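Asker: Here you go, sequence then predicted model.
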Amino acid sequence: MREGQFVIRQGSSARVREVESLGDGARALRKNLRDAGVLVPANGNPNLFRFTQEYAFDSPSGAAAVVSGTGLNGRVAWKVKNEGISYKEWQEKLVASEASDAS
């Protein structure tokens, strides 16, 4: 997360396959990222793309759709590394912590 954006790191992978029901916006963004060289075929794995640079999305769901090739609720799909909780749970925990600190 950076200034309200959800950032996918350089070297991260994304699925090549897109489901038929993938939204037009996510489909177009995936194509634009491929055309711009941000998403390239991953070496040695024909089922994956690789991010050649960091890329910031405006929402976790937008990032999840581009990475997975399917529509997902990014707040539920993304997991916080080393914590075993969803991004949604992490956000709720953060808000509750800030609320208790303000009391």
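Answerer: Here it is on my side, so go on. Numbering: from 1, shown residues only.
Asker: Please give me every residue in contact with the spatially most central residue of the chain.
Answerer: Nearest residue to the geometric centre of the chain (C-alpha atoms, centre = their mean): residue 63, 2.9 Å. When the contact criterion is C-beta atoms under 8 Å, 6 or more residues apart in numbering, the partners of residue 63 are 6, 8, 57, 74, 78. (Each C-beta comes from the backbone N, C-alpha and C, glycine too.)
Asker: repeat that with 10 Å
Answerer: 5-8, 12, 14, 26, 55-57, 72, 74, 77-78 (C-beta atoms under 10 Å, 6 or more residues apart in numbering).
Asker: What's the local residue count around the closest residue to residue 78 other than its chain neighbours?
Answerer: For residue 78, ignoring the flanking residues on the chain, the nearest one in space by C-beta to C-beta, 6 or more residues apart in numbering is residue 87 at 4.1 Å. As a burial measure, residue 87 scores 19 neighbours (other C-beta atoms under 10 Å).
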